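J.: Give me the fold of what follows.
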Amino acid sequence: MKPSEIKAALASFGGRPNKRLGQNFLIDKNILQTIVETADIQKEERVLEIGPGLGVLTRELIDRGAIVTAIEQDRHLVEYLKKLSVPVVHGDAAKLDWMEFVAGQSWKLIANLPYSITSLALRKALWSTHPPIKLVVLVQREVAERVIAKDGKTSLLSLMVGLASHKARIIKRVPAGAFYPPPKVESAILEIIPKQIDAQAEQIMALAKKGFAHPRKLLSSNLGLTDGSVFEKLGLNPKVRAEDLSVDAWINLCQCFVRS
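T.: Numbers count the residues shown, from 1 in each chain. Here you go, the predicted model:
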């Protein structure tokens, strides 16, 4: 949709972009097509979309044969979408049980995510009892770069995603001008191929939260270790910091703590 069309659609119910809900509407057709093509929709494939806005992405997914459930918090947009016969659920995606909408079937998460719930949405999808087979989400570029960061720049977010995915990659950077109104930051299309998390994942994240409590301190200090013997056993520098560890290193470190 063009900015003029967005303004007209919002004006039809007396609305305007809601900053609190992170409403930045995609206006770049090329970016829209890149999202849909990356999603690789199969006929009658189940898709969950968070924050459909005016339904531009939603309708593209439906045209490709997807069975879409869109979750929208803005009640005015919900009424607008219903008039377009878009399948929409009114509610806060952070609080709703997504499993009710996928009904135990194979599904994908495809969305222009509101920036404020990106981390929560990724965790909710990836760490569910029935994760999607693919995520294609438009998110803040800085967040996307944190998601794919490797050892040396690891964060709690990249570790959380790494433990629950086979692959995560940035498909394309998206300038602020691709949206109306334009946000103050760049965005990126992020693709994630999930895997089922193992039983130890929560223990690893609990340990990592301690390790990242004071990022500038040595990991041994954050974990309350008096010497570096544990790190030496794992072939790690005793002066290592939390951000230096790879996903596999965090898994091995957690196993050492469990055995001790």
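J.: Tell me where the stretch 1-150 of the chain has strands.
T.: Under the criterion DSSP state E, counting those that start in this stretch, strands of the stretch 1-150 of the chain are mapped to 25-26, 46-50, 67-72, 88-90, 107-112, 134-140.
J.: Quick one: closest of those to Ala178.
T.: Using CB to CB as the criterion, the shortest distance between Ala178 and those is 6.3 Å, found for strand 25-26. In this view, the C-beta of every residue, glycine as well, is placed from N, C-alpha and C.
J.: Packing partners of that closest one?
T.: The elements that strand 25-26 packs onto, with contact taken as 3 or more CB pairs under 8 Å, 6 or more residues apart in numbering; DSSP states H and E, are helix 56-63, strand 179-180.
J.: 10 Å instead, please
T.: helix 3-11, helix 56-63, strand 179-180 (3 or more CB pairs under 10 Å, 6 or more residues apart in numbering; DSSP states H and E).
J.: Pull out the buried positions in stretch 34-54.
T.: Of all the residues in stretch 34-54, those buried under the rule 16 or more other CB atoms under 10 Å are 34-36, 38-39, 41, 45-54.
J.: what's the closest of those to Val247?
T.: Comparing these against Val247 with CB to CB picks out Thr38 as the nearest, at 23.4 Å.
J.: Roughly how far does the residue lying closest to that closest one once chain neighbours are set aside sit from Pro194?
T.: Take Thr38 and drop its neighbours on the chain: the residue closest to it by CB to CB, 6 or more residues apart in numbering is Val136, 4.8 Å away. Separation of Val136 from Pro194 (CB to CB, to the nearest Å): 12 Å.
J.: Low-confidence ranges, the stretch 151-260 of the chain, go.
T.: Applying pLDDT under 70 to the stretch 151-260 of the chain flags residues 259-260.
J.: ok, which stretches of it are strands?
T.: Listed in chain order, the strands of the stretch 151-260 of the chain (DSSP E, counting those that start in this stretch) span residues 165-174, 179-180, 187-194.
J.: Counting by contacts, list what the shortest one packs against.
T.: Read that as strand 179-180. Packing contacts for strand 179-180, counted by 3+ CB pairs under 10 Å, 6+ apart, involve helix 3-11, strand 25-26.
J.: how about JSON lines for these, with mean pLDDT added?
T.: Below are the helices and strands packed on strand 179-180 laid out as JSON lines (pLDDT from 0 to 100):
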{"stretch": "helix 3-11", "mean pLDDT": "90"}
{"stretch": "strand 25-26", "mean pLDDT": "95"}
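J.: which of those sits most buried?
T.: By mean neighbour count, with neighbours taken as mean count of other CB atoms under 10 Å, strand 25-26 ranks first of the helices and strands packed on strand 179-180 at a mean of 20.
J.: Could you list the paired strands of that one along with their orientation?
T.: Taking DSSP bridges as the criterion, strand 25-26 pairs within the sheet with strand 179-180 (antiparallel).
J.: Show me the contact partners of the partner strand.
T.: Surrounding strand 179-180, the residues in contact under the criterion CB atoms under 10 Å, 6 or more residues apart in numbering are 1-7, 17, 23-28, 31, 112, 138, 187.
J.: which one is the spatially most central residue of the chain nearest to, not counting chain neighbours?
T.: In the chain, the C-alpha closest to the average C-alpha coordinate belongs to Leu122, at a distance of 3.5 Å (CA atoms, centre = their mean). Closest residue in space to Leu122, ignoring its immediate chain neighbours: Val161 at 6.3 Å, by CB to CB, 6+ apart.
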